[in-house]
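Trainee: Okay, structure incoming, though there's no sequence with it:
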């Protein structure tokens, strides 16, 4: 899922010129005149952001999927929705010359990811005891950047980002969905659900399949997990209204929302959606703009992958704060180097270097620890964790939609100084983490 999301977000970034040409050709066929540059910018921005808009609705709808379906059935429906969205984005869009189809397809895909991401997070919380949640939640930190790399590489005009190949590009995530559906039948229920169903032996066998550690380590973890399930108040599930009326729940909800919103407030989604355009505006030749995009995405994968192996020994709060500080400084450097691009031929290279430093902050900070830190915090109240995750996930996508859609217009009006807006937002969330987030 997270690899698919990464591909979906970044694949159209280097393929934007081909997409603009397709939109313009479709407009010519309909209205016998070319589309204005502003209208094409609007269509591209809407297409890019529609994933996030759909994810808002999907996240809101995730309680319905969680209640009416098993975890496995919900994930099957997610992958079926993904294939439906691909049908809209690829053959329907291309052969019908309909840019509305790709916009709707991206919305459907986003809807699937909105509820799929929440269900997947719940599934992970049911695979391990609280003590090991950080390790179990770390894979999204490097699987998502891996998708970024795959999307950026395959979206290059010399690969699948050309005028004739981009329909194949948008269909690429479907390969992973087909693979999942072919193997869905052998995926067992989570240990927690089996324990709640009084199927202890099956739960233990499932835990053994999921772990590569020694039997003693598995037995110890299973005992901890069983204890948590027995102690958890299963008879009472917190209503969404209680998240606001209960001070303890309200605080955990606010923490979860700030942690996830921080990923968006640092401006990370803008680099993933528009990095080629950002580098071009900073003076990099359009012919070579995709290569630094591939480089920074690869850097994020490497940092997150290495970090996932040492995450258990880290103080995640300190990691998050240090990453944010690096990001804030890098945003200032990005603004300066882009503003002074005409001063020296070296400025575009300095801008790329500032982006590399920025991505270092992301990869060693928010991208690495946000999800495990949020889940670890939420799991202090097992009876409310599902509701908190759903609300926080919805807020996450609302922030992504607002920041992702507004970015081109923000940079149009403020120019390179738009980066300072992200510096301010990063400083605000970092201040909260320093003074109000307890050590983890």
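Mentor: That came through fine. Note that the structure is predicted; figures quoted are calculated from it, not measured.
Trainee: quick one: average confidence on stretch 180-191?
Mentor: Across stretch 180-191, pLDDT averages out at 85.
Trainee: in it, what counts as buried?
Mentor: Residues 180, 189-191 are the ones in stretch 180-191 that count as buried (16 or more other Cβ atoms under 10 Å). Every residue, glycine included, has its C-beta placed from N, CA and C.
Trainee: What of stretch 198-206?
Mentor: Buried, per 16+ other Cβ under 10 Å, within stretch 198-206: 203-204, 206.
Trainee: quick revisit: any chance of the buried residues of stretch 180-191 in TSV, plus distance to residue 96?
Mentor: Listed next are the buried residues of stretch 180-191 as TSV, based on distance: Cβ to Cβ, whole Å:
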residue	distance to residue 96
180	28
189	42
190	42
191	47
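Trainee: between those, which is closest to residue 10?
Mentor: residue 180 (20.8 Å; Cβ to Cβ).
Trainee: Name the nearest residue to that closest one, ignoring sequence neighbours.
Mentor: residue 79 (5.1 Å; Cβ to Cβ, 6 or more residues apart in numbering).
Trainee: Equivalent analysis for residue 265, please.
Mentor: Residue 265 sits nearest to residue 425 (Cβ to Cβ, 6+ apart), 3.8 Å away.
Trainee: helices or strands next to whichever strand or helix holds the one you found in the packing?
Mentor: In this structure, residue 425 sits in helix 419-436 according to DSSP states H and E. Using 3 or more Cβ pairs under 8 Å, 6 or more residues apart in numbering; DSSP states H and E, the elements in contact with helix 419-436 are helix 247-265, helix 316-339.
Trainee: Would you mind identifying the next helix or strand past the last one?
Mentor: Per DSSP H and E, the first helix or strand lying C-terminal to helix 316-339 is helix 347-363.
Trainee: quick one: that following helix to helix 419-436, angle?
Mentor: 30 degrees (axes from the mean of the first three to the mean of the last three Cα atoms, to 10 degrees).
Trainee: Show me what helix 347-363 is packed against.
Mentor: helix 268-281, helix 290-310, helix 316-339.
Trainee: mind running it again at 10 Å?
Mentor: Contacts defined by 3 or more Cβ pairs under 10 Å, 6 or more residues apart in numbering; DSSP states H and E place helix 347-363 against helix 139-154, helix 268-281, helix 290-310, helix 316-339, helix 366-378, helix 419-436.
Trainee: sec struct for residue 207, please.
Mentor: helix (DSSP: H, G, I helix; E, B strand; the rest coil).
Trainee: Could you count how many residues lie near it?
Mentor: 21 (other Cβ atoms under 10 Å).
Trainee: mind listing what it touches?
Mentor: 127-128, 190-191, 194-195, 218-219, 221-222, 225-226 (Cβ atoms under 10 Å, 6 or more residues apart in numbering).
Trainee: Do you know the pLDDT at it?
Mentor: pLDDT at residue 207 comes out at 83.
Trainee: cool, and residue 255?
Mentor: With respect to pLDDT, residue 255 has a value of 92.
Trainee: for the closest residue to it other than its chain neighbours, what are its contacts?
Mentor: Excluding the flanking residues, the one nearest residue 255 by Cβ to Cβ, 6+ apart is residue 377, at 5.3 Å. The contact partners of residue 377, by Cβ under 10 Å, 6+ apart, come to 133, 251-252, 255-256, 259, 316-317, 385, 388, 392, 437-438, 440.
Trainee: Save the buried residues of stretch 180-191 as TSV, and put in distance to residue 327 and secondary structure too.
Mentor: Listed next are these as TSV, based on distance: Cβ to Cβ, whole Å; DSSP: H, G, I helix; E, B strand; the rest coil:
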residue	distance to residue 327	secondary structure
180	34	helix
189	39	coil
190	35	coil
191	37	helix
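Trainee: nearest to residue 416, of the residues you listed?
Mentor: residue 180 (41.9 Å).
Trainee: show me what contacts that closest one?
Mentor: 1, 4, 75-76, 78-79, 82, 187.
Trainee: which other helices and strands contact the strand or helix carrying residue 64?
Mentor: In the assignment (DSSP H and E), residue 64 maps to helix 37-68. Applying 3+ Cβ pairs under 10 Å, 6+ apart, we find helix 37-68 packed against helix 2-10, helix 16-31, helix 71-87, helix 99-125, helix 268-281, helix 385-414.
Trainee: tell me the angle the longest one makes with helix 247-265.
Mentor: Relative orientation of helix 385-414 and helix 247-265, computed by the same axes, to 10 degrees: 30 degrees.
Trainee: Kindly report the same for the second one.
Mentor: For the pair helix 16-31 and helix 247-265, the angle between their directions (the same axes, to 10 degrees) equals 90 degrees.
Trainee: Same question for the fifth one.
Mentor: Orientation of helix 268-281 against helix 247-265 (the same axes, to 10 degrees) gives an angle of 10 degrees.
Trainee: dump the residue contacts of the closest residue to residue 279 other than its chain neighbours.
Mentor: In space, and not counting its chain neighbours, residue 279 is closest to residue 289: 4.4 Å by Cβ to Cβ, 6+ apart. Neighbouring residues of residue 289 by Cβ under 10 Å, 6+ apart: 13-14, 275-282, 348, 352.
Trainee: and those residues as TSV, adding distance to residue 417 and neighbour count?
Mentor: Output for those, formatted as TSV (distance: Cβ to Cβ, whole Å; neighbours: other Cβ atoms under 10 Å):
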residue	distance to residue 417	neighbour count
13	22	27
14	26	27
275	18	25
276	20	25
277	16	19
278	13	26
279	17	25
280	17	16
281	12	17
282	13	24
348	18	22
352	19	21
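Trainee: and stretch 416-426, which residues are buried?
Mentor: 416, 418-423, 425-426.
Trainee: Same check on stretch 297-308?
Mentor: Buried, per 16+ other Cβ under 10 Å, within stretch 297-308: 297-301, 303-305, 307-308.
Trainee: Reformat these as JSON lines; add distance to residue 39 and pLDDT.
Mentor: Below are these laid out as JSON lines (distance: Cβ to Cβ, whole Å; pLDDT from 0 to 100):
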{"residue": "297", "distance to residue 39": "30", "pLDDT": "90"}
{"residue": "298", "distance to residue 39": "34", "pLDDT": "92"}
{"residue": "299", "distance to residue 39": "35", "pLDDT": "91"}
{"residue": "300", "distance to residue 39": "33", "pLDDT": "85"}
{"residue": "301", "distance to residue 39": "36", "pLDDT": "85"}
{"residue": "303", "distance to residue 39": "39", "pLDDT": "86"}
{"residue": "304", "distance to residue 39": "38", "pLDDT": "79"}
{"residue": "305", "distance to residue 39": "41", "pLDDT": "80"}
{"residue": "307", "distance to residue 39": "43", "pLDDT": "78"}
{"residue": "308", "distance to residue 39": "43", "pLDDT": "72"}
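Trainee: related to what we said a few turns ago, what about the contacts of residue 207, which one has the most neighbours?
Mentor: residue 191 (28 neighbours).
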